[in-house]
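J.: my questions concern the predicted model and sequence given below.
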Amino acid sequence: MFLTLALLKKGIPGKQWIGKYRRPRPITWQMQRNMVKQLEREMENEYWISRPYMSLEQERGHAAARRKQMWEDIREARFVAKFPEHKRLEDHLGHLNTTKTWSS
C-alpha cells in the first residue's frame, strides 16, 4: 500500500502516524539503545527476584513482632483519639479570676 502511494505520489489518507494502516516509524540508534538498556534492567531485576534473601524457614514468622507492635500502636492511637484530653480545675474555673490581682 505504501509503495503504491509513494509511486503514485499521493499522500497517506488521514493521519499517517495513527490508525490501522499507519506509516511505520523508522527505528533509530537511540531507540535501540534505550530498548537494550530496558531489557538489561529487566534481566537484572529478574535475577535478583529469583534469588530470595531469606530461606522459607527464616521467612516464616519473621515479621510477627513488628506486626504486633504496629497493631498495638494503632490500637493505642484509636483509644487516644476517643479519650478526651485532660482538663484541670483551673481550666474550668479560670473565668472567675478576672478581678484577681497581685496585691490581693
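T.: The structure has been received and is ready for your questions. Residues are numbered from 1 along each chain as shown.
J.: pLDDT weak spots in the chain?
T.: 1-2, 4-6, 8-13, 103-104 (pLDDT under 70).
J.: tell me the SS of the most centrally placed residue in the chain?
T.: The centroid of the chain falls nearest to residue 45 when counting by Cα atoms, centre = their mean (18.4 Å). With DSSP: H, G, I helix; E, B strand; the rest coil as the basis, residue 45 sits in helix.
J.: how much space separates it from residue 27?
T.: In this structure, residue 45 and residue 27 are 25 Å apart, going by Cβ to Cβ, to the nearest Å. C-beta: built from backbone N, CA, C; applies to glycine.
J.: tell me what the host helix or strand of residue 70 is packed against?
T.: Per DSSP states H and E, residue 70 falls inside helix 64-82. Applying 3 or more Cβ pairs under 8 Å, 6 or more residues apart in numbering; DSSP states H and E, we find helix 64-82 packed against no helix or strand.
J.: centre of the chain versus the very next helix or strand once past that helix, how much separation?
T.: Per DSSP H and E, the first helix or strand lying C-terminal to helix 64-82 is helix 89-93. Centroid separation for helix 89-93 versus its chain: 48 Å, with Cα atoms, centre = their mean, to the nearest Å.
J.: for helix 89-93, packing partners?
T.: Against helix 89-93 (3+ Cβ pairs under 8 Å, 6+ apart) you get no helix or strand.
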